[in-house]
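Enquirer: This is the structure alone, sequence omitted:
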RNA sequence: CGGGAUAUAGCUCAGCCUGGUAGAGCGCUUGCUUUGGGAGCAAGAUGUCGGAGGUUCGAAUCCUCUUGUCCCGACCA
């Protein structure tokens, strides 16, 4: 029996079903906010730990800046303010007091504080203090934090009022160096998505009108969900001197002249987990790639009679310690012995819904044969009896194969659903006339992405809005050919990715 | 923040029209039987009927207001 709602029936309902059945998160008492439960948070911790290594490799250091930002900081960068004004949570009072038996906010602040929707302004303020000379540059900082944006239509992991993310902020002595940094971090994001989350992405730059407020250039990675819609998985911004000017990050350059620094910022959020779900989950529930699974191998005892219990548990402990001598992906293996007092079948299905990569069941019969029953989440419904030694020695390969297969499955689905043979506005319109549906494994094309020409005219923004289509990005690998703009029919050379999006 | 739907047990929902002691299934607890594939039987526990006000002898039910959730828009990592 699978999930209550299947992908093909109702994709958004299916998504919610996966989140709750996999016990990853739930709606919190505070409206629009979520409680991230251990299995969901465990995935986030894996993302954090792998990304921290990448950040260290690229010379970044973690630091922490405050949640509350002085209101005045938001008056400084005009575009930035305008971009975030409509979704900011504002702290105006410092205490509660009882009036006529009712608690009321009191102690109104002289200057309100903004709960950070992002930290460019307050970090730039610090950078201004830290940077005096070209010798102080570059400054390469990352912070793991929560941010608040007052969303009106929340969805677990994809859009909540409070979410977790990392935001990198750097300052450089030259525009070139800052631009290189922007692209370098986008590459880190690509690697994170493709190698760790097994989620293929398209790298590119956002069109002018869709840039981060205050940025000179916004780069992004876009992933294709199983319903063919696009999800922005990460962004990296080259901010030029915009924030340096408004916050006063200036330094004396090698020519002994004052100059404003060049800054960047880049981030990925818990939204990645939403992307992970819509990339890998199926009608049985979640499916987590081994590299980011909080537990890679689940050991479930199958105990028929009470007197078998000790024998089985001893065998499992031995198996567990043998497995621990292995280091899949160069890391400590993550094993969970599920000895809860529940039926083994129930435990099996629970881990299946959570998407643990490998679930092993071990009972008296296996002990006799020095074997165990192995089930891989990717091949749900199949089971194999494997000799214990054989399983232990093959564990690294098994996990690596699963990781690879998950990526390749997602990649071929994406590639098979990017149309690049649409060359006229008429064909384009006809293609998007149908709604997105669940895309099977990608062997047959459905409504998803179109890669085609765009003239860049201002009027196209309006056409896109009407059609509810977005230009997701201008991919890095341009063909340079000319053709008809798919929106206006005018001659154009720029290749873009058109899609519906989350 | 606009338009629609909805709110009853942990979950899915019935009851409301026509006011009169709060219901079912699943889940949970206990016991026995089962256990290599999402168990069976028996017994048991569980509710400020989203919240506030009103009408009434009496409100889950009728009226007013309010809040949450879901869907559709606008906005967005």
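Expert: Great, that's in hand. Worth saying up front: this structure is predicted, and the values here are computed from it rather than measured. Numbers count the residues shown, from 1 in each chain, chains lettered A, B, ... in the order given.
Enquirer: List the beta-bridge partners for residue A:285.
Expert: Note on residue A:285: beta-bridge partners residue A:282, judged by DSSP bridges.
Enquirer: ok, it - how many residues close by?
Expert: By other C-beta atoms under 10 Å, the residues close to residue A:285 number 25. Bear in mind the C-beta positions are built from the backbone N, C-alpha and C, glycine included.
Enquirer: Next up, the contacts around it.
Expert: Residue A:285 is in contact with A:2-3, A:18, A:21-22, A:352-355, counting by C-beta atoms under 8 Å, 6 or more residues apart in numbering.
Enquirer: what number of residues lie near whatever residue of the stretch 51-200 of chain A ends up closest to RNA strand B?
Expert: Residue nearest to RNA strand B within the stretch 51-200 of chain A: residue A:152 (3.0 Å; C-beta to the nearest atom of the strand). When neighbours are defined as other C-beta under 10 Å, residue A:152 has 9 of them.
Enquirer: Model confidence for it, exactly?
Expert: Looking at residue A:152, its pLDDT reads 84.
Enquirer: and if you look at residue A:5?
Expert: Predicted confidence (pLDDT) for residue A:5: 81.
Enquirer: ditto for the one 10 residues further on
Expert: Per-residue pLDDT puts residue A:15 at 90.
Enquirer: Where does it fall, secondary structure wise?
Expert: Per DSSP states H and E, residue A:15 falls inside helix A:11-21.
Enquirer: Could you confirm whether that helix reaches RNA strand B?
Expert: Yes. Among the residues of helix A:11-21, A:12-13, A:16 lie within reach of RNA strand B under C-beta under 7 Å from any atom of the strand.
Enquirer: three-state assignment of the closest residue to residue A:224 other than its chain neighbours?
Expert: Of all residues not flanking residue A:224 in the chain, residue A:414 sits nearest, at 4.4 Å (C-beta to C-beta, 6 or more residues apart in numbering). Per DSSP: H, G, I helix; E, B strand; the rest coil, the local secondary structure of residue A:414 is helix.
Enquirer: Nearest spatial neighbour of residue A:46, chain-adjacent residues omitted?
Expert: Spatially, and ignoring its direct neighbours in sequence, residue A:46 is nearest to residue A:292 (4.1 Å; C-beta to C-beta, 6+ apart).
Enquirer: quick revisit: may I see the buried residues of the helix holding residue A:15?
Expert: By neighbour count with 16 or more other C-beta atoms under 10 Å, helix A:11-21 contains the buried residues A:11, A:14-15, A:17-21.
Enquirer: which secondary structure elements does it contact?
Expert: Helices and strands touching helix A:11-21, by 3 or more C-beta pairs under 8 Å, 6 or more residues apart in numbering; DSSP states H and E, are strand A:25-27, helix A:271-280.
Enquirer: Which single one of the residues of helix A:11-21 next to RNA strand B is nearest to RNA strand B?
Expert: Nearest to RNA strand B, judged by C-beta to the nearest atom of the strand, of the residues of helix A:11-21 next to RNA strand B is residue A:12 at 4.1 Å.
Enquirer: Look up the closest residue to that closest one, ignoring the ones flanking it.
Expert: Distances taken as C-beta to C-beta, 6+ apart put residue A:155 closest to residue A:12, at 8.0 Å, once the chain neighbours are dropped.
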